[in-house]
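**Q** pasted the sequence and its predicted model underneath.
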Amino acid sequence: GGTLALRHARYFQVVEHGDSLDVTILSPWQPGTTLQHLVVTQPLSHAAVFTSTHAALLAELGCVDAIAGICEPQYVSDSTLRRALADGRLRDLGSAMTPNRELLAEVAPDALLLSPFENVGTYGNLEQLGIRMVWCADYMEPTALGRAEWMRLYGRLFGCGDRADSLFAAVERRYRQTAEVAMQSDVHPTVIFDTPIGSTWHMPGGASTLGQMVADAGGRYLFADGGLGGSVPYSFEQVYARGRDADVWLVRYSASTPLTRAGLSAQHPSFRDFRALQTGRVYGCNNSDLVFFERYPFHPDLLLADFSAILQESPRPLHFFHPLQP
């Protein structure tokens, strides 16, 4: 068969044998070991999808009819999926971590698409239902384009590989074009993220996708040292000492109403010392707007475009982050 040539993704491999797929999911936690091996002889047509992120991607690929049910539909914002839920074509399968086993047995999906976690049980021993599982380890990819490239696997599982390849090629092209333009700029503002929870301020690691994307957008991330991925805990004092003179402050938050600069200042008296707040270069992404979680993982080009426009002070429209009003 033909091995699918991947450009960024590290944790899956696909060999295509005519109408069948030989899929290997590699372990992100134990290098060189296999997390799962699948042989798929026909496209999935009645799958249970555990996250709105993957369901939204399948909707974009035109595969809504191949989804039998979804977990936690309250987090779904895609209009096509919401119509399918309202019409009863999509079943509500309950919590993603403890789905309704009886309903799963009734729906009888041909596969479960769910995210693996290190040292965590298997969703209440769902394997006892005898339903094929597909471990969606895309979130563990070390690069934004690596995660987005998983759409090429999901497209093949649902029989729309060409459409997925075309979509990924467009995402990759736009991402690279934005990065190339940003690198030509003479302006490279410094950046910090988020706000503390209690006495701990979690910052994306320098090797995280967000840390890398700041660099790709032409910024200088002030907590890029150490080569760490994921989220890194700091004390308030550490962030204050290093980050109060940052040019740009990117804040992710959850609220029923948009955060303002006055509201941010009121959270901690020392926030008033931060240069970005004084100059008005604070941008917020309200996590209550579910579109971010549905779109960003497989459309990092949109988030990179936001970062580039913010750092270069361009008037281009923003997708996820928006300037905080006074």
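**A** Structure received.
**Q** residue contacts, the residue lying farthest from the centre of the chain?
**A** Here the chain reaches farthest from its C-alpha mean at P269, the gap being 32.5 Å by Cα atoms, centre = their mean. Taking Cβ atoms under 8 Å, 6 or more residues apart in numbering, we find P269 in contact with no residue. C-beta: built from backbone N, CA, C; applies to glycine.
**Q** next: Y234.
**A** T200, W201, H202, M203, F223.
**Q** just the ones of those residues in strands?
**A** Among these, the ones falling in strands (DSSP state E) are T200, W201, H202, M203.
**Q** how far away is F274 from S185?
**A** 23 Å (Cβ to Cβ, to the nearest Å).
**Q** chain center to whichever helix or strand E172 is part of, what's the gap?
**A** Secondary structure assignment for E172, by DSSP states H and E: helix 161-183. Here the centre of helix 161-183 is set off from its chain's centre by 16 Å, with Cα atoms, centre = their mean, to the nearest Å.
**Q** and for the worst-scoring helix or strand of the chain on mean pLDDT, what's in contact with it?
**A** Here the helix or strand of the chain ranked lowest by mean pLDDT, DSSP states H and E is helix 291-295, holding a mean of 90. Contact with helix 291-295 is made by S52, T53, A56, Y75, V76, S77, D78, C285, N287, L302, H319, F320, as judged by Cβ under 8 Å, 6+ apart.
**Q** may I see those arranged in TSV, with secondary structure and pLDDT as well?
**A** Conversion of those to TSV gives the following (DSSP: H, G, I helix; E, B strand; the rest coil; pLDDT from 0 to 100):
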residue	secondary structure	pLDDT
S52	helix	94
T53	helix	95
A56	helix	96
Y75	helix	90
V76	coil	93
S77	coil	90
D78	coil	92
C285	strand	96
N287	coil	86
L302	helix	97
H319	coil	95
F320	coil	95
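**Q** who wins on neighbours among those?
**A** A56 (25 neighbours; other Cβ atoms under 10 Å).
**Q** which residue is the nearest non-sequential neighbour of it?
**A** E294 (3.9 Å; Cβ to Cβ, 6 or more residues apart in numbering).
**Q** would you mark the buried spots in the least confident helix or strand of the chain?
**A** Neighbour-count burial for helix 291-295 flags F292, E294, R295 (criterion: 16 or more other Cβ atoms under 10 Å).
**Q** can you select the buried ones among the contacts of Y234 for me in ChimeraX?
**A** With 16+ other Cβ under 10 Å as the criterion, this ChimeraX line picks the buried residues out of these:
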select :201,202,203,223
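**Q** pLDDT and distance to P43 added to the contacts of Y234, as a markdown table?
**A** Output for these, formatted as a markdown table (pLDDT from 0 to 100; distance: Cβ to Cβ, whole Å):
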| residue | pLDDT | distance to P43 |
| --- | --- | --- |
| T200 | 96 | 46 |
| W201 | 97 | 46 |
| H202 | 95 | 40 |
| M203 | 95 | 42 |
| F223 | 95 | 43 |
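**Q** out of the contacts of Y234, which is nearest to L85?
**A** L85 has its nearest neighbour among the contacts of Y234 in H202, at 33.1 Å by Cβ to Cβ.
**Q** any idea how far S231 is from the closest one?
**A** In terms of Cβ to Cβ, H202 sits 5 Å off from S231.
**Q** for D186, what are phi and psi?
**A** The phi and psi values for D186, taken as degrees, to the nearest 10, are phi -90, psi 0.
**Q** begin at 18, not 1, for the rest of this chat.
**A** From this message on, residue numbering opens at 18, which makes the last subject D203.
**Q** show me where the stretch 68-217 of the chain has its strands.
**A** 84-87, 108-109, 128-131, 150-152, 207-210, 217-221 (DSSP state E, counting those that start in this stretch).
**Q** distance to L328 added to these, as JSON lines?
**A** Listed next are the strands of the stretch 68-217 of the chain as JSON lines, based on distance: least, Cβ to Cβ, whole Å:
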{"stretch": "strand 84-87", "distance to L328": "36"}
{"stretch": "strand 108-109", "distance to L328": "41"}
{"stretch": "strand 128-131", "distance to L328": "35"}
{"stretch": "strand 150-152", "distance to L328": "36"}
{"stretch": "strand 207-210", "distance to L328": "7"}
{"stretch": "strand 217-221", "distance to L328": "16"}
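**Q** nearest to D264, out of the ones you listed?
**A** For D264, the closest of the strands of the stretch 68-217 of the chain is strand 207-210, at 4.9 Å, according to Cβ to Cβ.
**Q** what mean pLDDT would you report for the closest one?
**A** Throughout strand 207-210, pLDDT has a mean value of 98.
**Q** with that, I have no additional questions.
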